[in-house]
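Q: Predicted model and sequence follow; I will ask about them next.
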Amino acid sequence: MKIKTEDLMCPRFSVVGLIAVGAVSFGVGYLISAKRSNPEELIEAPVEDHNQLVIPFERPTMAYEQPVHIPKEVPAMVEDTVSLIRHSIFPDKDESDEWDAEKEEASRKGRGVYIIHQDEFFGDELGYSQMSLNYYEEDDILCDDDDVPIYNYEQVVGRLEFGHGTDDKNVVYVRNDARECEYEILRNTTSYANEVLGIAYDEELDREIEREISKLHRKE
């Protein structure tokens, strides 16, 4: 549609024309003003800075800055010589009491009770039952492991020869073929009365005192 000259004289077209001309003038003026204030902003878009982050190098501490002294010669290692002293943990025994295996074997013939070597006992050659007995030297009493006396003990273990066939002068090992039993007999140099009966007497005395105290409380 063509706009005629006479139409422009119409008030409606005059108002619209003025608005259009004003908008164009404002836009052109804004662009010119922006270009003058920041001309680079209209030419190119901002570019992100991807430069590598530089971390400042820290100087070493004083501990690292101190010079390290390295000796020119390393002193030779001194080796201490340790002398080993071999000794037995068992009490001393009579050196003349030596074990003659052939002689001992010959003496066992026809005997049901005899002394054996400690190696025979710990080796358990015959598979006999084994038990430990306590011998109280002062009153010559042999007891089982519960400290119950064994009367006529020589019929069970024979004559006691402590230290024979062992490294300990207070120990002897005996075999009884009739009973199929082997015994480890330990010698105690004290008495049965002091070691066993004395303890039993003290316990009985304590019980008696407790009974008397209970009677006094009941009377009150």
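A: Thanks, I have the structure now. Numbers count the residues shown, from 1 in each chain.
Q: can you give me the strands in the protein?
A: 113-116, 129-136, 141-143, 171-176, 181-188 (DSSP state E).
Q: Just send the ones you listed back as CSV, with distance to Ile213 and mean pLDDT too.
A: Where C-beta positions appear, they are placed from N, C-alpha and C, glycine not excepted. Below are these laid out as CSV (distance: least, Cβ to Cβ, whole Å; pLDDT from 0 to 100):
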stretch, distance to Ile213, mean pLDDT
strand 113-116, 52, 95
strand 129-136, 34, 96
strand 141-143, 34, 95
strand 171-176, 45, 96
strand 181-188, 35, 96
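Q: need those strands in TSV with distance to Glu104 and mean neighbour count, can you?
A: Shown next, in TSV, are the strands of the chain (distance: least, Cβ to Cβ, whole Å; neighbours: other Cβ atoms under 10 Å):
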stretch	distance to Glu104	mean neighbour count
strand 113-116	8	20
strand 129-136	19	16
strand 141-143	22	20
strand 171-176	11	22
strand 181-188	15	18
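Q: Which among these is found nearest to Asn194?
A: Among those, strand 129-136 comes nearest to Asn194, with 8.7 Å by Cβ to Cβ.
Q: The closest one pairs with which strands?
A: Taking DSSP bridges as the criterion, strand 129-136 forms sheet pairs with strand 141-143 (antiparallel), strand 181-188 (parallel).
Q: Relative to Arg111, which of those strands is closest?
A: Closest of these to Arg111 is strand 181-188, at 14.6 Å (criterion: Cβ to Cβ).
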